[in-house]
Each structure stands twice: as C-alpha cells, then as structure tokens.
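# Structure for this input, please:
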Amino acid sequence: MIEFDPRVLSYERVLAIFFDQHKPTHRRGTQYRSAIFYRDEAQRAAAEKAIANQGLIVTDLEPLGPFFMAEEYHQKYFEKQRR
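As a prediction, the model looks like this:
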C-alpha cells in the first residue's frame, strides 16, 4: 500500500510511477497480480485513464477494501532487489 499526501504528490503522478516501476503485461497468478485499488470515483477515473494509456495490460482495477500487510520477508521489495 502506498500512502501519499495529494497536496505534495498527485494521484496521477503515483499512477505514472506505478506503471514506470513494473511490467503491467505479466500475469503471474492472483498472488502476484498487478492491481490498482482506488478510494473514490475520482481515483477510479484517473486509474482507468492511466490504464487505457498503457495499451494491452493485465492490471486489475478494484475498489479499496480491507488491507492486510504481507509477511516481513515480502516487505521493502524494491530495496531488497537493488542489492
């Protein structure tokens, strides 16, 4: 989950970073799926627009629901990959 202050970083910028940092065309099962979760209709519309600009992708778009933190060994994935 990403927390951000929209006064500092726009949701559209978060989406741009999201698509810049991973390959949204690869489906590796639901466990490792690419997904965007939105809080409200404005975020949903922005996400739909960002997805449409990506071409053929498999990123799911779903309303935000209960969030469960992954096990510790799944945390800080990008930091661990850069070693």
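
# Number of residues surrounding Arg33?
A count of neighbours around Arg33, defined by other CB atoms under 10 Å, yields 12. Just so you know, the C-beta spots here come from the backbone N, C-alpha and C atoms, and that holds for glycine as well.

# how much space between it and Gly65?
Distance of Arg33 to Gly65, given as CB to CB, to the nearest Å: 15 Å.

# Please apply the same query to Gln21.
Counting by CB to CB, the gap between Gln21 and Gly65 amounts to 23 Å.

# Equivalent analysis for Ala47, please.
Taken as CB to CB, the spacing of Ala47 relative to Gly65 amounts to 15 Å.

# Then Gln81?
When Gln81 is compared with Gly65 (using CB to CB), they lie 27 Å apart.

# Name the spans of the chain whose pLDDT lies under the cut-off.
Within the chain, the ranges that satisfy pLDDT under 70 run 23-32, 78, 83.
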